[in-house]
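Asker: Just the structure for this:
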Amino acid sequence: MPDLAKRGAIRSVFDGRYTYGRYFSPKQHNRPASLEQIRAFNDVELYDAEAAGREVSAETMKGF
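Answerer: Below is the predicted model:
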């Protein structure tokens, strides 16, 4: 039986350059309305297609 408390569900968006993904628990499905809610209930990734698909560093994302 899968552990539905783990952040295994994903929502993502691609704007032509960046791919943003957020992972969340199916038991804690959320529609964040603020940056604080994104950070509290999700794990996030940001990839830059112009940088050969490299993940943008967590340090860079702190300003977002």
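
Asker: Check the chain for its longest helix and report it.
Answerer: Longest helix in the chain, counting residues (DSSP state H): helix 35-41.

Asker: Mean pLDDT per helix and strand in the protein: which one sits at the bottom?
Answerer: helix 58-61 (a mean of 62; mean pLDDT, DSSP states H and E).

Asker: Pull out the buried positions in the helix or strand that comes right after the longest helix of the chain.
Answerer: Using DSSP states H and E, the next helix or strand after helix 35-41 towards the C-terminus is strand 43-48. For strand 43-48, the neighbour count (16 or more other C-beta atoms under 10 Å) marks 46-47 as buried. The C-beta positions use only the backbone N, C-alpha and C, and glycine is treated the same way.

Asker: again with stretch 30-43
Answerer: In stretch 30-43, counting by 16+ other C-beta under 10 Å, buried: 38, 41-42.

Asker: Relative to G21, which of these is nearest.
Answerer: In terms of C-beta to C-beta, no member of these lies closer to G21 than N42, at 9.3 Å.

Asker: nearest spatial neighbour of the closest one, skipping sequence neighbours?
Answerer: Nearest in space to N42, with sequence neighbours left out and distances taken as C-beta to C-beta, 6 or more residues apart in numbering, is R22 at 4.2 Å.

Asker: just checking, what packs against whichever strand or helix holds the one you found?
Answerer: Applying DSSP H and E as the criterion places R22 in strand 18-24. The contact analysis (3 or more C-beta pairs under 8 Å, 6 or more residues apart in numbering; DSSP states H and E) places strand 18-24 against strand 9-14, strand 43-48.
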